[in-house]
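In: Give me a 3D structure for the following:
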Amino acid sequence: MLLKPYLFTAAALTGLIAPCLKADVLPLNTWESFSWSDGGVLPSAVSPTYTFTTTGNTLLEVTDGFNIGDEFDVMITGTVNTSFDTSTINPTQDGVLGPGVDGPTSWADTDYSHGSILLGAGTYTVNIDITRNALGFTGGAAFIQDTSAVPEPSSVALLAVALIALGCVVQRRNRRAQASESR
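Out: Residues are numbered from 1 along each chain as shown. Coordinates of the predicted model:
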């Protein structure tokens, strides 16, 4: 009889933890692709979920890829609870196979829907609902990444060294100019 409360507690904890285990970990500064085939039922029953932890500011970016026309609702839970929708697509290109075969190419092409949000340090879970399929398609593919929005310490150090060197050059020129004037 004493085991039943423990079994109930274990079952409840499993129900809370299991959804977290299904999420893919989103690596920093790497475009990840995701795809779906929902049979045209929207919002899609296939909703990609990603988790990530960041120690500083990060820019979360989502963009359509391949056939132009997919749009998304991106829901973020964790340290900050927020959401955003990707931009609308170019209607004249709806359903056309575009050049977006990878994240950077898709992100740079304004015909694809895309969106981003700046997030602070924390742990996040991102759910993506497909809200529109490209014309003539019942599935598709897209890309997501989180990019460090704060320069790495080595970049800051390199900038500091460059500024110090520039200061030394300016100071040396000023000394030479003053020496020339005093003669």
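In: where exactly do the strands run in the protein?
Out: Under the criterion DSSP state E, the chain carries strands at the ranges 24-25, 32-37, 49-54, 58-64, 71-78, 82-85, 114-119, 122-132, 139-148.
In: which stretch in the ones you listed has the least confidence?
Out: Mean pLDDT per stretch puts strand 24-25 lowest among the strands of the chain, at a mean of 80.
In: could you list every residue that touches I130?
Out: W36, D38, L42, P43, S44, V46, S47, D70, E71, F72, G140 (CB atoms under 8 Å, 6 or more residues apart in numbering). Every residue, glycine included, has its C-beta placed from N, CA and C.
In: Is it bridged to anything, and to what?
Out: Partner residues in beta bridges with I130: F72, with DSSP bridges as the criterion.
In: what's the spacing between it and W107?
Out: 18 Å (CB to CB, to the nearest Å).
In: Looking at the contacts of I130, which is nearest Q178?
Out: The nearest member of the contacts of I130 to Q178, counting by CB to CB, is F72 at 62.4 Å.
In: you'd agree V25 is up against F52?
Out: Yes. Using CB atoms under 8 Å, V25 and F52 qualify as a contacting pair, with a distance of 6.6 Å.
In: center of this structure, which residue is that?
Out: The geometric centre of the chain, computed from its C-alpha atoms, lies nearest to L60 (CA atoms, centre = their mean), at 2.6 Å.
In: chain center to stretch 175-183: distance?
Out: Taking the mean C-alpha point of stretch 175-183 and that of its whole chain, the gap between them comes to 55 Å (CA atoms, centre = their mean, to the nearest Å).
In: right, I mislabeled it, should have said stretch 112-123
Out: The gap between where stretch 112-123 is centred and where its chain is centred comes out at 5 Å by CA atoms, centre = their mean.
In: who touches that stretch?
Out: The list of residues contacting stretch 112-123 from outside it, by CB under 8 Å, 6+ apart, reads 51-65, 68-72, 74, 76, 78-80, 82, 84-89, 98, 100, 106-107, 132, 146, 149.
In: Can you give me the end-to-end span of it?
Out: Start to finish, the residues bounding stretch 112-123 are 28 Å apart (CA to CA, to the nearest Å).
In: ok, and the closest non-adjacent residue to V62?
Out: Excluding its sequence neighbours, the residue lying closest to V62 (CB to CB, 6 or more residues apart in numbering) is I144, at 5.0 Å.
In: quick one: contacts for the one you found?
Out: Counting by CB under 8 Å, 6+ apart, I144 touches 26, 31-32, 34, 48, 50, 60-63, 103, 126, 128.
In: Quick one: residues contacting S87.
Out: With contact taken as CB under 8 Å, 6+ apart, S87 is in contact with E71, S113, H114, G115.
In: Now do the phi/psi pair for it.
Out: phi -70, psi 170 (degrees, to the nearest 10).
In: Quick check: it vs G140, distance?
Out: 16 Å.
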